[in-house]
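S.K.: Provide a 3D model corresponding to the input given below.
(one chain, ligands or ions: 1)
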Amino acid sequence: MSACCYQCGGTDGALIPVGIVGQDNSAGGTIRACPACRKVNRLVPMADWKYIGDGRPQYYPAKGAAR
Ligand SMILES: [Zn+2]
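M.R.: Predicted coordinates for the structure are as follows:
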């Protein structure tokens with residue numbers, strides 16, 4: 001599998017890592033998302049992660065949801 005957006009399957013734009021899947025099996029790897037899906041889903045680029053946790057995608061809080 002080459003790099004494609006895990007949300008829409010597209011390959012447009014700058015696909016950047018947003019998570020790690022399948023750490024418990026052989027089908028895993030880094031998952032990437034395109035700019036459009038990152039924006040729609042508020043995905044946090046892995047480069048900006050403050051913690052790794054279980055490697056699943058992280059999301060910015062919805063506007064107005066914090067506090
Ligand atoms: Zn996408």
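
S.K.: Residue 47 belongs to a strand, doesn't it?
M.R.: No: the assignment for residue 47 by DSSP: H, G, I helix; E, B strand; the rest coil gives helix, which leaves it out of any strand.

S.K.: Determine the number of other residues adjacent to it.
M.R.: By the other Cβ atoms under 10 Å criterion, the neighbourhood of residue 47 contains 8 residues. To be clear about C-beta, it is placed using only N, CA and C from the backbone, and glycine gets the same treatment.

S.K.: same question, the one 3 residues further on
M.R.: One way to gauge burial is a neighbour count; for residue 50, by other Cβ under 10 Å, it gives 7.

S.K.: same thing with residue 64?
M.R.: Other residues within reach of residue 64, judged by other Cβ under 10 Å, total 6.

S.K.: What strand or helix carries the most centrally placed residue in the chain?
M.R.: Nearest to the mean C-alpha position of the chain, counting by Cα atoms, centre = their mean, stands residue 18 at 2.5 Å. Using DSSP states H and E, residue 18 sits within strand 16-21.

S.K.: What helices and strands are in contact with that strand?
M.R.: The contact analysis (3 or more Cβ pairs under 8 Å, 6 or more residues apart in numbering; DSSP states H and E) places strand 16-21 against strand 29-33.
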